[in-house]
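Colleague: okay, structure incoming, though there's no sequence with it:
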DNA sequence: ACTTTCTTTCTTTTT
DNA sequence: GAAAGAAAGT
């Protein structure tokens, strides 16, 4: 074991500087004995600091060499942050250290052991969009009805199974629908294998299987990594947890940091339960809570604490601060979304007038659709702003086209890449020809590239020309440096020529040129991601690891790191983003807008307890982003999907302590009534009899209800007639139990018709018209 | 084979 | 209200 340590590393006492200024729990976490431990780190409690300081401390005290340490994060940004902070703490070379994302580290291992993992050396990574198009292609080829098996749903099924660690042979299928899904899963994996491509969850599952089935490789890594540190542990899925356990199986210490209250990614497979399980299984005596918050003023923390207490099954944690109460949270009720935006503008003006920086002001919203009104208002009032989210560099169509050519040069059997650019720019290859080609490929169970020579006629000719174009590009760039390869390809493929002719093509050309720069930068940076190359070289030297080509490394990089969201640092601009995107960030002043039932919490989430609780955690994350000032706002009406909606204020508003709030608009009866109405739980949705008209929430077969009976979104202006009475939006009605209310929307028709009624203090109810005892007033 | 028009469907998102 | 996909027109 000791021979793993470099000679230069002499065990020494940690100088005080590393551990200085840590509070007692932080100190305890950083210096905890080398066994499994769980750190429950509340928002703003110094989580990243603890993580990086522990790594530095372990290295500095000689307990581990940089080489024997692994740190896993979810995002590349977090991984980079960790690297910079470690370099700042210790004068060590972080190159080659195993610090990265789950996917990045798995990719590294699979590249090193591609043969043992059953992959071609040139395997390519499919991003979500590539995966979807691969699935569409599969469904088409197999003649599967994509109405009954929507590609997105198939994709979700496959990914969910993989994230549970299940191959198609291991998924239980209890009905014919699921049997078909499982079948498709199997066919999809076979297709990927044949094409030499790997999707995101596959990176993890393959790596997990490699370690499970191959004892020498497993033991090598188990022996090598003495300390494994995990960030954002609440976001891990089951497979990631198993992967960690496996790697730590040789006696390594697993140091997990997370906050169950900030788990907001259950919808994509994260399993908060991993935290409780980890505590029970390994760390029951070594759980440390970081509860002192260094970020927010008292009222803000009180709001967050009170709010999150409404959730069940928490691991338990209460943030406190010694910073004093600070200012109260300001609440504003707007008449319309536009007016809400206008109010935000005015508040921002006055904040900036007080001398605050615009970049220290964030406007948060639940869903991206809400940003437009805000952007419009900001734009017309001339306030600089940046919107986060949206298209990222490597996801732009012109960039993906260029990457597809590069992928084909690496691996011509990548059918997804083939289909993407075979007729782009247009070269007279139409749907008919491609169908023929696909049929031949399916018949011979070979790639589209291999089938080219057998396609008859003019179409076949054009295909052959395209194939030779790819071959030629590969040949002509053989010995060129990476950025020149890219430069050659964007010209030779005709992409530049094509966009020159397009009206809006200038920006796309610019992006293609930028891709050349990105390639140059990538090659320059530690010599094409030497982080990888270096790490590979130290891995199982005896197995003769072959380094991937610069192009292959660049393509991995492009798939695994989709690049920045246009927002550039530096300029002083107001920050706009979804609450999800704000996780991990902090601002002096934060606006949480659109606090309305149906929006936040989102209507698709309120039916299930777990969904509602995730929304509440989301609200918790939003609130805890603010340092000094927090503004909450909602609007009576809002344009959504091209229609005006009438919303109630969010239940989350009433879950914040009254004494921390300062209403900027008069609190109307409605808002007051909310307080006295008490428990929102089931009551908010009315009792069973009123909803009895349409199916129970079908837990196991989520799509049962969506056939045609009612269309949940279409609001009829003309009104709906049920049992001889007509109901219209805006009409006043009376209900024996809820009292008087106003119809806010109508859905469906006939006996299935539903109505949303705003009963003021009682809230907005959705009722089945045929069942509810509603009378026009 | 390519272009235009209609229809549909809308959370959240990293890798 | 916008983007993507399908159907229909050139």
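Modeller: Received, thanks. None of the values given here were measured: they were computed from a predicted structure.
Colleague: neighbours of residue A:382, how many?
Modeller: 7 (other Cβ atoms under 10 Å). Where C-beta positions appear, they are placed from N, C-alpha and C, glycine not excepted.
Colleague: for DNA strand B, see how far away it is.
Modeller: Plainly put, residue A:382 is 26 Å away from DNA strand B if you go by Cβ to the nearest atom of the strand, to the nearest Å.
Colleague: state the pLDDT value of residue A:367.
Modeller: Per-residue confidence (pLDDT) for residue A:367: 93.
Colleague: same deal with residue A:766?
Modeller: Value listed for residue A:766 in the pLDDT field: 65.
Colleague: give the contact list for whatever residue of the stretch 101-250 of chain A ends up closest to DNA strand C.
Modeller: Here the residue of the stretch 101-250 of chain A nearest DNA strand C is residue A:146; by Cβ to the nearest atom of the strand that distance is 6.4 Å. Residues near residue A:146 by Cβ atoms under 8 Å, 6 or more residues apart in numbering: A:136, A:139-140.
Colleague: export those residues to CSV and tack on secondary structure?
Modeller: Shown next, in CSV, are these (DSSP: H, G, I helix; E, B strand; the rest coil):
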residue, secondary structure
A:136, helix
A:139, helix
A:140, helix
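Colleague: buried among those residues? Need that as a selection in PyMOL.
Modeller: In PyMOL, this line selects whichever of these come out buried by 16 or more other Cβ atoms under 10 Å:
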select buried, chain A and resi 136+139
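Colleague: the residue of the stretch 101-250 of chain A closest to DNA strand C in helix, strand or coil?
Modeller: coil.
Colleague: on the pLDDT front, check it for me.
Modeller: 80.
Colleague: if I look at it, how far off is residue A:247?
Modeller: Computed as Cβ to Cβ, to the nearest Å, the residue A:146 to residue A:247 distance reads 39 Å.
Colleague: which residue does the stretch 401-550 of chain A have closest to DNA strand C?
Modeller: residue A:431 (9.4 Å).
Colleague: got the contact list for that residue?
Modeller: Residues counted as contacts of residue A:431 (Cβ under 8 Å, 6+ apart): none.
Colleague: can you give me the buried ones in stretch A:463-475?
Modeller: So, applying 16+ other Cβ under 10 Å, buried residues of stretch A:463-475: A:463, A:466-467, A:469-470, A:473-474.
Colleague: and DNA strand B, is that stretch touching that?
Modeller: No: using Cβ under 7 Å from any atom of the strand, stretch A:463-475 stays clear of DNA strand B, with a minimum separation of 10.2 Å.
Colleague: confidence-wise, which helix or strand of chain A is lowest on average?
Modeller: helix A:688-691 (a mean of 30; mean pLDDT, DSSP states H and E).
Colleague: how many neighbours does the closest residue to residue A:381 other than its chain neighbours have?
Modeller: For residue A:381, ignoring the flanking residues on the chain, the nearest one in space by Cβ to Cβ, 6 or more residues apart in numbering is residue A:345 at 5.1 Å. With neighbours defined by other Cβ under 10 Å, the count for residue A:345 comes to 18.
Colleague: low pLDDT regions in the stretch 451-600 of chain A?
Modeller: Within the stretch 451-600 of chain A, the segments meeting pLDDT under 70 span A:526-546, A:564-570.
Colleague: nearest to DNA strand B: which residue in chain A?
Modeller: Taking Cβ to the nearest atom of the strand, chain A has residue A:430 as its residue nearest DNA strand B, at 1.5 Å.
Colleague: which ones are touching that residue?
Modeller: A:423, A:459.
Colleague: for it, grab phi and psi.
Modeller: Taking degrees, to the nearest 10, you get phi -100, psi -180 for the backbone angles of residue A:430.
Colleague: quick check, pLDDT for it.
Modeller: We have a pLDDT of 84 for residue A:430.
Colleague: any idea how far residue A:462 is from it?
Modeller: Distance of residue A:430 to residue A:462, computed by Cβ to Cβ: 9 Å.
Colleague: unless I'm mixing things up, residue A:46 is touching residue A:294, no?
Modeller: Yes: between residue A:46 and residue A:294 a contact is recorded at 6.4 Å, counting by Cβ atoms under 8 Å.
Colleague: of those two, which one has the most company?
Modeller: residue A:46 (21 against 15).
Colleague: can you tell me which residues contact the residue nearest to that one when sequence neighbours are not counted?
Modeller: The shortest distance from residue A:46 to any non-neighbouring residue, by Cβ to Cβ, 6+ apart, is to residue A:26 (5.7 Å). Residue A:26 makes contact with A:46, A:49-50, A:53, A:290, according to Cβ under 8 Å, 6+ apart.
Colleague: can you pick the most crowded of those residues?
Modeller: Result: residue A:290 is most packed of the contacts of residue A:26 (other Cβ under 10 Å), 26 neighbours.
Colleague: tell me the residues of the stretch 251-400 of chain A that contact DNA strand B?
Modeller: The stretch 251-400 of chain A comes close to DNA strand B at residues A:264-265, A:267-268, A:366-369, A:389, as judged by Cβ under 7 Å from any atom of the strand.
Colleague: nope, the stretch 601-750 of chain A is what I was after
Modeller: A:602, A:604-605, A:611, A:618, A:641-642, A:713.
Colleague: quick check on those: which are buried?
Modeller: Buried among those (16+ other Cβ under 10 Å): A:602, A:605, A:611, A:618.
Colleague: of all pairs in the residues you listed, which one is the farthest apart?
Modeller: Distance extremes for these: the farthest pair is A:611 and A:618 at 10.6 Å, using Cβ to Cβ.
Colleague: pull up the overlap in contacts between the two.
Modeller: In contact with both residue A:611 and residue A:618: no residue, using Cβ under 8 Å, 6+ apart.
Colleague: how many neighbouring residues does residue A:644 have?
Modeller: Using other Cβ under 10 Å, the number of residues around residue A:644 comes to 14.
Colleague: does it touch residue A:638 like I think?
Modeller: Yes: here residue A:644 reaches residue A:638: they are 7.2 Å apart, a contact under Cβ under 8 Å.
Colleague: contacts for stretch A:137-145, please.
Modeller: A:146, A:149, A:151, A:154, A:180, A:184, A:187-188, A:191, A:415-416, A:419, A:438, A:442.
Colleague: among these, which are in strands?
Modeller: In strands, judged by DSSP state E, none of those are found.
Colleague: and the buried ones among these, selectable in ChimeraX?
Modeller: ChimeraX command restricting these to the buried ones, with burial defined by 16+ other Cβ under 10 Å:
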select /A:149,151,154,180,184,187,188,191,415,416,419,438
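Colleague: need the max-distance pair from the contacts of stretch A:137-145.
Modeller: Largest pairwise distance in the contacts of stretch A:137-145, by Cβ to Cβ, is 23.8 Å, between A:180 and A:419.
Colleague: and the residue of the stretch 501-650 of chain A that's closest to DNA strand C?
Modeller: Nearest residue of the stretch 501-650 of chain A to DNA strand C: residue A:642, at 2.2 Å (Cβ to the nearest atom of the strand).
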